[in-house]
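**Student:** I would like the atomic coordinates for the input below:
(one chain, ligands or ions: 1)
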Amino acid sequence: MLKIKALFFTGLLLSGLFSECLASPLAEQWAKVTRPTYAVNSQSIGTYNAGCISGAVSVPANGTGYQLMRLSRNRAYGHPDLKQFIESLGQTAAQQHLGSLLIGDLGQPRGGPTLSGHRSHQSGLDVDIWFLLSKQAASRTLALNERETWNAPSVLAGQSDAINYTQWSLANEKVLEAAARMPEVDRIFVNASVKRELCIRHTAQGWLRKIRPWWKHDDHFHVRLKCPKDNKYCQGQDPLPQGDGCDAELNWWFSKEAKHPVIPKAPPKELALPALCDSVLKE
Ligand SMILES: [Zn+2]
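**Tutor:** You can find the predicted model right below:
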């Protein structure tokens, strides 16, 4: 069972590794679009990895408890549920004095595949949030050039699996817990070492189940929302496995097999988008 899971994960990792060189003509078309379509009821269409969105909204560059990074990328769009999620997590961060959340990529104005390494973030329901910065950190508003040039620091020590406690703080646990407890959140991807850190301190907590180990994700966490209500063309993921995930499944992430996947010669095929996305692109 674990082995099958491992192969599945490996496939996804490899699609991630190869995505930089895909830069398909399809992705170029989606990346060129500068504005969302108008829709009374915003619709996330398709899956997180092969989808689009009609009626996306943009998240303001500054709000209570959060600020957006990399404004020049024009990837601050998502479903209104995603905007609401970010604003509400920002408010929690402000109320609890955790520091300002630095928000990375959301999605493109109409979603769809991107030119960068991101395979997901296509249906307006995914957002990357940096782990909180330690010292420089910033409850102040960052200048535009800082938002373009700062890089998210890793919370791991060197190339190891160990947490670097000068970068990691309890405030990060509080943010992750607050996010995972929100009912609209489907799952949150973090580096396996971050999951392990949470497991050591919070085992058997219901919210831990939503925190899923994934490759990389040592400098940010990735929040994925459930399909919004009445979005009938939105396709969610399989439900999460039972339990808090602090078990053999977590151990697998530290195995040789997980760390050194065999890389096949040919890159994986780009997934086809639902037909409905055609009209979203052309509108
Ligand atoms: Zn992401």
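**Student:** I'd like to know how many residues surround the closest residue to residue 235 other than its chain neighbours.
**Tutor:** Counting by CB to CB, 6 or more residues apart in numbering, residue 235 lies nearest to residue 47, which is 4.7 Å off, once chain neighbours are set aside. Glycine gets a C-beta too; all of them are placed from N, C-alpha and C. The tally of other residues near residue 47 (other CB atoms under 10 Å) stands at 19.
**Student:** Distance of residue 47 relative to the ion?
**Tutor:** 14 Å (CB to the ion, to the nearest Å).
**Student:** Check residue 197 too.
**Tutor:** From residue 197 over to the ion the distance is 20 Å, taken as CB to the ion.
**Student:** For that residue, give me the pLDDT.
**Tutor:** Note on residue 197: pLDDT of 97.
**Student:** what's near enough to touch it?
**Tutor:** The contact partners of residue 197, by CB atoms under 8 Å, 6 or more residues apart in numbering, come to 163, 168, 173.
**Student:** can you check residue 240 too?
**Tutor:** 186, 187, 209, 210, 212.
**Student:** Which helix or which strand is home to residue 90?
**Tutor:** According to DSSP states H and E, residue 90 maps onto helix 80-95.
**Student:** does the ion sit close to that helix?
**Tutor:** No. Helix 80-95 lies out of reach of the ion by CB under 5 Å from the ion, never closer than 12.2 Å.
**Student:** Just confirm residue 191 contacts residue 212, I think it does.
**Tutor:** No. If you go by CB atoms under 8 Å, residue 191 and residue 212 don't touch, sitting 10.6 Å apart.
**Student:** ok, the two, which is more surrounded?
**Tutor:** residue 191 (24 against 21).
**Student:** need the contact list for residue 253.
**Tutor:** Going by CB under 8 Å, 6+ apart, residue 253 touches 192, 195, 213.
**Student:** so what's the residue nearest the centre of the chain closest to, chain neighbours aside?
**Tutor:** Centroid-nearest residue in the chain: residue 222, 2.5 Å away (criterion: CA atoms, centre = their mean). Leaving out its chain neighbours, the residue that sits closest to residue 222 by CB to CB, 6+ apart is residue 189, at 4.2 Å.
**Student:** got a pLDDT number for that neighbour?
**Tutor:** Reading off the confidence values, residue 189 has pLDDT 98.
**Student:** beta partners for it?
**Tutor:** Per DSSP bridges, residues listed as beta-bridge partners of residue 189: residue 212, residue 222.
**Student:** Quick one: neighbours of it, just the number.
**Tutor:** By the criterion of other CB under 10 Å, residue 189 has 21 neighbours.
**Student:** Walking through the stretch 51-200 of the chain, point out its strands one by one.
**Tutor:** All strands of the stretch 51-200 of the chain, identified by DSSP state E, counting those that start in this stretch, fall at 51-54, 57-58, 62-63, 66-68, 77-78, 101-103, 126-130, 185-190.
**Student:** in this protein, what residue is nearest the ion?
**Tutor:** The minimum distance from the chain to the ion, using CB to the ion, falls at residue 222 (3.7 Å).
**Student:** That residue touches residue 212, doesn't it?
**Tutor:** No. Residue 222 is beyond contact range of residue 212, at 9.2 Å (criterion: CB under 8 Å).
**Student:** Residues that sit against both of the two, list them.
**Tutor:** Contacts common to residue 222 and residue 212, judged by CB under 8 Å, 6+ apart, are 188, 189, 190.
**Student:** near the ion, which residues of the protein show up?
**Tutor:** Contacts of the chain with the ion, taken as CB under 5 Å from the ion, map to 128, 222.
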